[in-house]
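Trainee: When you get a sec, could you give me coordinates for this:
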Amino acid sequence: MLIARNIRFVVVVPGEAMFRLLLLVYNILFFPLAFLLANFISLFNTKIRRGLTGRKNTFQYIKKALPKFDNNQPKILFHVSSYGEFLQARPVLQHLKKINPRLCLIVTVFSPSGYDNIKLEPPIDIICYLPIDGFFQMKRFISLISPQVVVIIRHDIWPNFVWRIWKENIPLLLIDASLPNKSTYTFPVLKTLTRTLYRQMTKILTISENETEKFRELTGEVEKIVNVGDTKYDQVFERSKLSNNFKEISGHPIFKNKNIFVCGSSWEEDEAFIIPAFQNITRKVENAFLIIAPHEPYKKRIEEIKKTCRENGLRCVCLSALASENDSVQCLIIDQIGLLANIYSFAKVAFVGGSFYTKIHNVLEPAIYGVPILFGPKMNNSMEAENLLAHEAAIKVGSIKQISDLSVRLFLEPEFAAKYGNRAKEIVMKNVGSSEKIARMLFEKYLSKS
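Mentor: Sure, this is the predicted structure:
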């Protein structure tokens, strides 16, 4: 009598077959469950509810919008996850319109906040939510628009969206491409899915040579993966040209002869360091003035900042309540969105928020103005922050004392401040230009015959 023990049967599935299996599982199991869960959570979460509600009229809106354009007008679809990704796409969109004003530029957005903040104005012709990533929804969506080219910004890759574009033989480009160190491509089961989705793309335009090598290693592709740089640099450069539009703010008497410290995109954890540090700075720096621009300027957050300021003996006022008689105020709280990138131009020292919370925000916004930059330890999510640090173009801080001591030096020692500020600006300027390269590549390779 034979007794079989510990016998294992292993089925080896080829890469393409495994991808089809994973896509099938995604469509019959994961997607329906995720959709049901999202609908349930939407009962309690306004952001998810807005996203689901906003998508209900997507197809109806597109049907009404498309007839306004000639059938012979080439259509190019840009997909962005949020407002931040849109800002990176905007310089490319602007260059495309300059090359050919007849192009129909369509922007799809994933997040409600992104959709709310993007205005339907030149160079955009149509803006709408990306439909939910169902098999039939994506088939209908791509068929309805019939774009000549599709461009995805950064990371927002959906299986049915990518697969349908590939199936319809439409050129698909991923721009500003990078693979975060803790990306899903490192997990064995998902590696096949992500690798195949990347292989289905026509071109992958990365932000650096290091990212190029990572994509080539993952996909086994060489020719289709090219480093062209990061459009984020173009975005902050173009935005900096608008800083003169804020003279009505910068010319206010409250700023006269002030040494301004800007704390941008801050969270409560950042303010717990910055506000006490600034209180120390006021003892050594004459006319020191703090501007706090919270990442989420909701009423509750504004009240929290006011409370922390009062506890540290700082007199503050909100931008919406700014009046000419606020001479004794030491801190201005920005309670409006969309101003921070230009407010950095007022600064003599800047701290970039998120870096004492979970992840740092945009360090390039102050860098373009040649402002010395401080940030906390949570900065590994940002290659730009790491690059500035490596070139001694920014300073990482870890305590209230460090922040106050270094800020005092930056305020009182012009050469010390100029060393960091000038290096930061030089790094930005050296990397400007990728948007035009991408736009010309798109037009010459995929649109010039349209």
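Trainee: residues contacting Ile249?
Mentor: Leu319, Leu339, Ile343 (C-beta atoms under 8 Å, 6 or more residues apart in numbering). To be clear about C-beta, it is placed using only N, CA and C from the backbone, and glycine gets the same treatment.
Trainee: and if you look at Leu105?
Mentor: Here Leu105 is in contact with Ile76, Phe78, Leu93, Leu96, Lys97, Pro123, Ile124, Asp125, Ile126 (criterion: C-beta under 8 Å, 6+ apart).
Trainee: quick one: secondary structure of it?
Mentor: Three-state assignment for Leu105 (DSSP: H, G, I helix; E, B strand; the rest coil): strand.
Trainee: please renumber so the chain begins at 38
Mentor: Taking 38 as the first residue, the last one we looked at is Leu142.
Trainee: Could you report the distance from it to Asp271?
Mentor: 17 Å (C-beta to C-beta, to the nearest Å).
Trainee: ok, back up a step: and which of the contacts of Ile286 is nearest Gln174?
Mentor: Relative to Gln174, the closest of the contacts of Ile286 is Leu376; by C-beta to C-beta it sits at 36.9 Å.
Trainee: Isn't Leu59 up against Thr229?
Mentor: Yes: between Leu59 and Thr229 there is a contact at 6.5 Å, judged by C-beta atoms under 8 Å.
Trainee: Mutual contacts of these two, please.
Mentor: Counting by C-beta under 8 Å, 6+ apart, nothing touches both Leu59 and Thr229.
Trainee: so where's the stretch 338-487 of the chain uncertain?
Mentor: The model of the stretch 338-487 of the chain has pLDDT under 70 over residues 361-363, 486-487.
Trainee: Okay, strands next: where are they in it?
Mentor: Assigned by DSSP state E, counting those that start in this stretch, the strands in the stretch 338-487 of the chain fall at 353-355, 368-370, 386-389, 410-412, 432-433.
Trainee: likewise the stretch 188-337 of the chain?
Mentor: Going by DSSP E, counting those that start in this stretch, the stretch 188-337 of the chain shows strands at 209-214, 240-243, 262-264, 296-303, 325-331.
Trainee: So which of the strands of the stretch 338-487 of the chain is nearest Val469?
Mentor: Closest among those, using C-beta to C-beta: strand 410-412, at 18.0 Å.
Trainee: what does that closest one contact?
Mentor: For strand 410-412, using C-beta under 8 Å, 6+ apart, the contacting residues are 386-389, 392, 397, 400, 403-404, 422, 425, 430-434, 440, 443-444, 457, 461.
Trainee: again, only using 6 Å
Mentor: Strand 410-412 is contacted from outside by Ala387, Phe388, Val389, Ser392, Ile397, Val400, Pro403, Ala431, Ile432, Val434, Ala461, using C-beta atoms under 6 Å, 6 or more residues apart in numbering.
Trainee: What of stretch 351-367?
Mentor: Pro290, Ile291, Lys343, Cys346, Cys368, Ile370, Ile371, Asp372.
Trainee: Next, the distance between the ends of that stretch.
Mentor: 6 Å (C-alpha to C-alpha, to the nearest Å).
Trainee: Of all the residues in that stretch, which ones are buried?
Mentor: Leu351, Cys353, Val354, Cys355, Leu356, Val366, Gln367 (16 or more other C-beta atoms under 10 Å).
Trainee: Could you list the domains of this protein?
Mentor: Split into domains by automatic domain parsing, the chain comes to 52-267+470-484, 281-467.
Trainee: Make TSV out of these and add distance to Glu275.
Mentor: Output for these, formatted as TSV (distance: least, C-beta to C-beta, whole Å):
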stretch	distance to Glu275
domain 52-267+470-484	6
domain 281-467	10
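Trainee: on that earlier part again, from the contacts of Leu142, which shows the smallest pLDDT?
Mentor: Within the set of the contacts of Leu142, pLDDT is lowest for Pro160 (91).
Trainee: Just say helix, strand or coil for that residue.
Mentor: Going by three-state DSSP: Pro160 is coil.
Trainee: The residue nearest to it when sequence neighbours are not counted: helix or strand, and which one exactly?
Mentor: Residue nearest to Pro160 in three dimensions, not counting chain neighbours: Lys134, with 4.0 Å by C-beta to C-beta, 6 or more residues apart in numbering. Per DSSP states H and E: Lys134 is located in helix 120-136.
Trainee: residues in contact with that helix?
Mentor: Residues outside helix 120-136 that contact it (C-beta under 6 Å, 6+ apart) are 115, 117, 140, 142, 151, 154-155, 160, 190-191, 213, 268-269, 271-272, 275, 472-473, 475-476, 480.
Trainee: Keep only those of these that are in helices.
Mentor: Gly151, Asn154, Thr268, Lys269, Asp271, Gln272, Glu275, Ser472, Glu473, Ile475, Ala476 (DSSP state H).
Trainee: And the pLDDT for Lys284?
Mentor: Predicted confidence (pLDDT) for Lys284: 63.
Trainee: I meant to write Met55 there.
Mentor: Looking at Met55, its pLDDT reads 83.
Trainee: Leaving aside the residues adjacent along the chain, what's closest to it?
Mentor: In space, Met55 is closest to Thr229, 4.8 Å off (C-beta to C-beta, 6+ apart).
Trainee: Over to Lys251?
Mentor: Closest to Lys251 by C-beta to C-beta, 6+ apart is Leu216, at 4.7 Å.
Trainee: how many other residues sit next to the one you found?
Mentor: Neighbour count of Leu216, defined by other C-beta atoms under 10 Å: 19.
Trainee: Kindly list the main-chain dihedrals of it?
Mentor: phi -120, psi 100 (degrees, to the nearest 10).
Trainee: Name the residues of whichever strand or helix holds Pro69 that come out as buried.
Mentor: According to DSSP H and E, Pro69 maps onto helix 68-78. For helix 68-78, the neighbour count (16+ other C-beta under 10 Å) marks Phe68 as buried.
Trainee: What helices and strands are in contact with it?
Mentor: With contacts defined as 3 or more C-beta pairs under 6 Å, 6 or more residues apart in numbering; DSSP states H and E, helix 68-78 has no helix or strand neighbours.
Trainee: what angle do the following helix or strand past that helix and helix 68-78 make?
Mentor: Using DSSP H and E, the helix or strand that follows helix 68-78 towards the C-terminus is helix 83-92. Calculated by axes from the mean of the first three to the mean of the last three C-alpha atoms, to 10 degrees, helix 83-92 forms an angle of 120 degrees with helix 68-78.
Trainee: coming back round to it: just put the contacts of Leu142 in TSV and tack on distance to Tyr63 and neighbour count.
Mentor: Converted to TSV, the contacts of Leu142 look like this (distance: C-beta to C-beta, whole Å; neighbours: other C-beta atoms under 10 Å):
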residue	distance to Tyr63	neighbour count
Ile113	27	26
Phe115	24	26
Leu130	31	22
Leu133	33	26
Lys134	36	17
Pro160	34	17
Ile161	31	19
Asp162	32	20
Ile163	28	20
